[in-house]
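Trainee: Output the structure for:
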Amino acid sequence: MPGVSVEAKDGRQKGAAVRLKARYDSTNIYLLAQWADASKSDVKAAWEFKDGKWIRQRGDEDRLALAFNVNSPSFKDKGCAGICHVSSEKKMHCLNEGEQVDLWHWKAARGGQNGWADDQVINATKRGDDKGKSAYKKNENGKDASLPGWVWAEQADRTTGFEESAIVAIGPEFRPADGEKLPSNVMRKPEGSRADVQAFAAYADGKWTVLFVRKLDTGNADDAKFAAGEDILFSLAVMDDCGTTDGDEHAVSELCVLRLKK
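Mentor: You can find the predicted model right below:
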């Protein structure tokens with residue numbers, strides 16, 4: 001795939017080269033990302049019925065995070081290192097009130113293969129979610145989180161995502177077979193500012209390919225704006241079957257510049 005290569009390294013994750021290619025039209029920006037990953041990880045602690053009880057399987061998920069500067073001087077100076085690793089006590093935060101970084105968080109197990117990336121924000125208070133509803137919810141029993149809440153509907157196409165339209169609530173009559181497995185999250189359509197970033201993903205030949213699509217200007221204060229001829233600073237992080245428990249479990253890039261040519 002043509003484009004530019006951005007190297008992600010350091011942390012406790014092995015490095016990864018991410019190929020990036022950007023295009024835009026009068027409404028949207030289109031950002032294509034591709035990187036090598038020897039193993040597809042898209043289950044994230046799936047349920048398994050074993051020896052008469054439900055247990056969680058091992059494993060997390062593959063992820064790609066793209067951080068775009070909105071108005072953070074620290075990010076402008078040092079990229080992700082200026083906000084994500086401020087100190088051992090304060091990670092993934094901007095230094096001052098009013099500063100923001102727009103975060104596109106693609107998660108293979110949670111919406112990432114159903115057309116969405118999580119639209120999030122980093123500010124002085126948190127690394128958290130934009131306002132609205134996420135593209136997923138936990139597959140847990142409302143009364144007992146140690147049990148799943150939904151199972152595939154009898155006629156569901158199991159090659160597609162574990163979506164609300166393809167599942168039914170687990171009732172007292174359900175008798176799982178030993179070895180039965182269920183996803184740990186239910187996919188759904190997101191809403192609000194959290195639904196700003198579409199993501200179309202595929203895994204083949206040991207590589208992830210993800211096409212991000214977002215409006216140039218969403219009109220939301222927690223999002224970066226893109227315009228032809230203007231530079232926007234960004235960094236990226238690659239996570240191979242892991243999360244961000246302490247902020248170091250990923251390979252990160254240096255500060256990069258995205259410019260949409262006029």
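Trainee: make it CA atoms for all contacts and neighbour counts henceforth
Mentor: Noted.
Trainee: mind listing what's buried in stretch 215-225?
Mentor: K215, L216, T218, D222, D223, A224, K225 (16 or more other Cα atoms under 10 Å).
Trainee: Which strand or helix spans the residue most central in space within the chain?
Mentor: Centroid check for the chain by Cα atoms, centre = their mean gives W106 as the closest residue, at 2.3 Å. W106 is part of strand 100-107, with elements assigned from DSSP states H and E.
Trainee: elements contacting the helix or strand that comes right after that strand?
Mentor: Going down the chain from strand 100-107, the next helix or strand is strand 118-123, by DSSP H and E. For strand 118-123, the contact count by 3 or more Cα pairs under 8 Å, 6 or more residues apart in numbering; DSSP states H and E identifies strand 100-107, strand 127-129 as packing neighbours.
Trainee: Tell me what angle the first one forms with strand 118-123.
Mentor: Using axes from the mean of the first three to the mean of the last three Cα atoms, to 10 degrees, the direction of strand 100-107 lies 150 degrees away from that of strand 118-123.
Trainee: how about strand 100-107 as PDB, C-alpha atoms only?
Mentor: Taking Å, rounded to 0.1, in the frame of the first residue of the first chain, the C-alpha atoms of strand 100-107 are listed here in PDB:
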ATOM      1  CA  GLN A 100      -7.300  18.900  24.600                       C
ATOM      2  CA  VAL A 101      -6.100  16.100  22.400                       C
ATOM      3  CA  ASP A 102      -8.500  14.200  20.100                       C
ATOM      4  CA  LEU A 103      -8.100  10.400  20.400                       C
ATOM      5  CA  TRP A 104      -9.400   7.800  17.800                       C
ATOM      6  CA  HIS A 105      -9.200   4.400  19.500                       C
ATOM      7  CA  TRP A 106      -9.700   1.400  17.300                       C
ATOM      8  CA  LYS A 107     -10.400  -1.800  19.200                       C
END
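Trainee: ok, back up a step: need the buried residues of stretch 215-225 in a markdown table with secondary structure, pLDDT and distance to K181, can you?
Mentor: Putting those into a markdown table (DSSP: H, G, I helix; E, B strand; the rest coil; pLDDT from 0 to 100; distance: Cα to Cα, whole Å) gives the following:
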| residue | secondary structure | pLDDT | distance to K181 |
| --- | --- | --- | --- |
| K215 | strand | 98 | 38 |
| L216 | coil | 98 | 40 |
| T218 | coil | 97 | 39 |
| D222 | coil | 89 | 38 |
| D223 | coil | 96 | 38 |
| A224 | coil | 96 | 40 |
| K225 | coil | 97 | 42 |
